[in-house]
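J.: got a predicted model here, sequence first, then my questions.
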Amino acid sequence: MRINPWLLLIILVITTSACTNKAWYEGVKEGARNNCRGQPASEVDACLERLNTKTYEEYEKERSGQK
């Protein structure tokens, strides 16, 4: 089986230009906020208070065990 070199190049470009971990992290947080805003009005504030408010940098420090 022979793989087309152009296909490999396209895959390489797509994977190297993909979103950074920070962008994914922020995107997930924004999605959660949007989900809260879709809740009934009486539940929106409580939902927003339960969300993760850490910055990506805080998250990375905690995840890697740094202080």
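T.: Okay, I see it. All values derive from a computational prediction rather than experimental measurement.

J.: quick one: the longest helix along the chain to chain centroid distance?
T.: Looking across the chain with DSSP state H, the single longest helix is helix 21-37. Distance of helix 21-37 from the chain centroid (Cα atoms, centre = their mean, to the nearest Å) equals 6 Å.

J.: what's the following helix or strand after it?
T.: Once the chain leaves helix 21-37, the next helix or strand it forms, by DSSP states H and E, is helix 41-50.

J.: just checking, what packs against the following helix or strand past that next one?
T.: Following helix 41-50 in sequence order, the next helix or strand is helix 56-64 (DSSP H and E). When contacts are defined as 3 or more Cβ pairs under 8 Å, 6 or more residues apart in numbering; DSSP states H and E, helix 56-64 packs onto helix 21-37. Backbone N, C-alpha and C define where each C-beta goes, glycine included.

J.: may I see the buried residues of the helix it packs on?
T.: Buried residues in helix 21-37, defined by neighbour count with 16 or more other Cβ atoms under 10 Å: Tyr25, Lys29, Cys36.
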